[in-house]
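> sequence unknown, structure follows:
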């Protein structure tokens with residue numbers, strides 16, 4: 001028997017429960033992991049509330065990211081062995097696997113040995129943030145040296161990962177945040193400029209930063225009415241990558257800017273990358289290389305004990321964090 005995080009109805013963090021369940025032996029192509037840390041993501045909060053791309057099947061487990069030690073492997077598994085230190089790539093649906101628990105199953109294709117320089121907390125934070133930023137910026141937008149990239153919601157874990165990846169390839173990351181409260185933290189995180197969107201004219205600031213040209217790439221998890229401001233700050237032929245829908249408001253299409261500037265608005269989900277074996281491997285290799293040379297480092301905002309999982313989700317939804325929220329598992 002082992003405790004897992006589960007909910008029996010959709011709703012806020014208060015619906016989460018720690019429940020004892022029997023964890024089966026891993027089947028073909030599966031790995032069983034005794035976890036040491038769990039990484040939290042906005043997608044899990046949306047899933048818990050019934051607002052995600054897939055609906056939970058109640059009672060439902062939850063969780064995309066974890067790190068720990070391999071406890072058992074199923075038939076046909078060759079990439080990891082019992083005792084290996086591993087972390088989980090979010091390359092599955094939470095209706096198939098859910099890894100927020102003390103002893104969990106995961107598909108072997110989503111289980112990787114992480115660099116041994118990472119702590120358990122860092123290892124549980126790596127893959128969602130860096131692979132999402134890699135997929136949107138490198139795969140889709142072809143980010144290169146000297147490109148200017150706008151990063152809304154820049155204090156999120158993916159936003160910080162985007163800043164680091166931009167710096168890694170020699171591009172110029174501009175962090176967008178609602179107020180100036182996090183300005184210094186974002187500058188310290190590597191942003192070359194910070195724009196407080198409720199206090200400043202976004203398009204004017206971007207024109208000043210780029211010498212009147214505008215941004216070549218925009219990497220946005222928010223959507224909503226602010227997309228018009230982003231389009232106004234764009235250079236001709238800019239790619240706007242929408243990888244989330246955090247705004248509850250409709251997203252009007254800024255038709256004049258789209259036409260006049262020949263803009264591309266492209267939706268992106270991490271599953272595009274993780275469900276393609278070759279693309280997934282390229283993303284993992286890119287992130288591992290960045291971690292090895294110190295160009296990429298997971299930023300952790302706060303850690304919570306496993307028994308305080310609901311508090312961790314409350315902190316996630318408060319939106320005050322800078323970086324990843326991690327839950328630790330007692331040995």
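That came through, no problem. Quick caveat: nothing in here was measured; it's all calculated off a predicted structure.
> name the element residue 302 belongs to?
Using DSSP states H and E, residue 302 sits within strand 300-305.
> run through who's touching that strand.
The set of residues external to strand 300-305 that reach it, using CB atoms under 8 Å, 6 or more residues apart in numbering, is 121-122, 125, 311-312, 315, 321-328, 330. Yep, even glycine has a C-beta here, placed from its N, CA and C like the rest.
> tell me how far it lies from the chain's centre.
Centroid separation for strand 300-305 versus its chain: 16 Å, with CA atoms, centre = their mean, to the nearest Å.
> partner strands of it and their direction?
Sheet pairing for strand 300-305, assigned by DSSP bridges, gives strand 324-328 (parallel).
> pLDDT of the strand it pairs with, averaged?
For strand 324-328, the mean per-residue pLDDT is 96.
> just stretch 270-281 next, same as before
The pLDDT scores in stretch 270-281 average 93.
> ok, and for it, which residues are buried?
Within stretch 270-281, the residues that count as buried by 16 or more other CB atoms under 10 Å are 270, 273-274, 279-280.
> got the end-to-end distance for stretch 253-265?
End-to-end span of stretch 253-265 (CA to CA, to the nearest Å): 10 Å.
> show me the contact partners of that stretch.
By CB under 8 Å, 6+ apart, the residues outside stretch 253-265 that reach it are 214, 227-228, 231-232, 234-240, 242.
> which of those sits closest to residue 169?
residue 239 (15.2 Å; CB to CB).
> wait, the closest one sits on residue 218?
Yes - with contact defined as CB atoms under 8 Å, residue 239 reaches residue 218; the gap is 7.4 Å.
> tell me which of those two has more neighbours.
Between residue 239 and residue 218, counted using other CB atoms under 10 Å, residue 218 has the larger neighbour count: 29 against 21.
> quick check, residue 61 in contact with residue 101.
Yes - counting by CB under 8 Å, residue 61 does reach residue 101; the two are 7.0 Å apart.
> can you give me the neighbour number for residue 303?
15.
> just list whatever residues bridge to it.
For residue 303, the beta-bridge assignment (DSSP bridges) gives partners residue 326.
> residue 4 too?
On the basis of DSSP bridges, residue 4 is bridged to residue 19, residue 101.
> any idea how far it is from residue 84?
Counting by CB to CB, to the nearest Å, the gap from residue 4 to residue 84 is 22 Å.
> neighbour-wise, which of these two wins?
Using other CB under 10 Å as the criterion, residue 4 and residue 84 rank with residue 4 on top: 21 against 17.
> quick one, what contacts that one?
Applying CB under 8 Å, 6+ apart to residue 4 gives the contacts 18-19, 21, 23, 61, 98, 100-102, 104.
> list buried residues within these.
Buried among the contacts of residue 4 by 16+ other CB under 10 Å: 19, 23, 61, 98, 100-102, 104.
> output these as a markdown table; include the columns pLDDT.
What follows is those, written out as a markdown table (pLDDT from 0 to 100):
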| residue | pLDDT |
| --- | --- |
| 19 | 97 |
| 23 | 89 |
| 61 | 97 |
| 98 | 96 |
| 100 | 98 |
| 101 | 97 |
| 102 | 97 |
| 104 | 97 |
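> and which of these is nearest to residue 190?
The closest of the buried ones among the contacts of residue 4 to residue 190 turns out to be residue 100 (CB to CB; 29.5 Å).
> for the nearest residue to that closest one once chain neighbours are set aside, list the residues it contacts.
Using CB to CB, 6 or more residues apart in numbering and skipping the chain neighbours, the partner closest in space to residue 100 is residue 63 (2.8 Å). The neighbourhood of residue 63, defined by CB under 8 Å, 6+ apart, consists of 5, 38, 44, 94, 98-101, 104.
> so how far is residue 101 from residue 63?
Counting by CB to CB - residue 63 and residue 101 are separated by 7 Å.
> what is in contact with those two at once?
Taking CB under 8 Å, 6+ apart as the contact rule, residue 63 and residue 101 both touch residue 5.
> format the contacts of stretch 253-265 as CSV; extra columns: distance to residue 109 and secondary structure.
Compiled in CSV, the contacts of stretch 253-265 are given as follows (distance: CB to CB, whole Å; DSSP: H, G, I helix; E, B strand; the rest coil):
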residue, distance to residue 109, secondary structure
214, 40, coil
227, 35, helix
228, 40, helix
231, 38, helix
232, 42, helix
234, 37, strand
235, 39, strand
236, 40, strand
237, 36, strand
238, 35, strand
239, 29, strand
240, 31, strand
242, 27, strand
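> thank you kindly, that will do.
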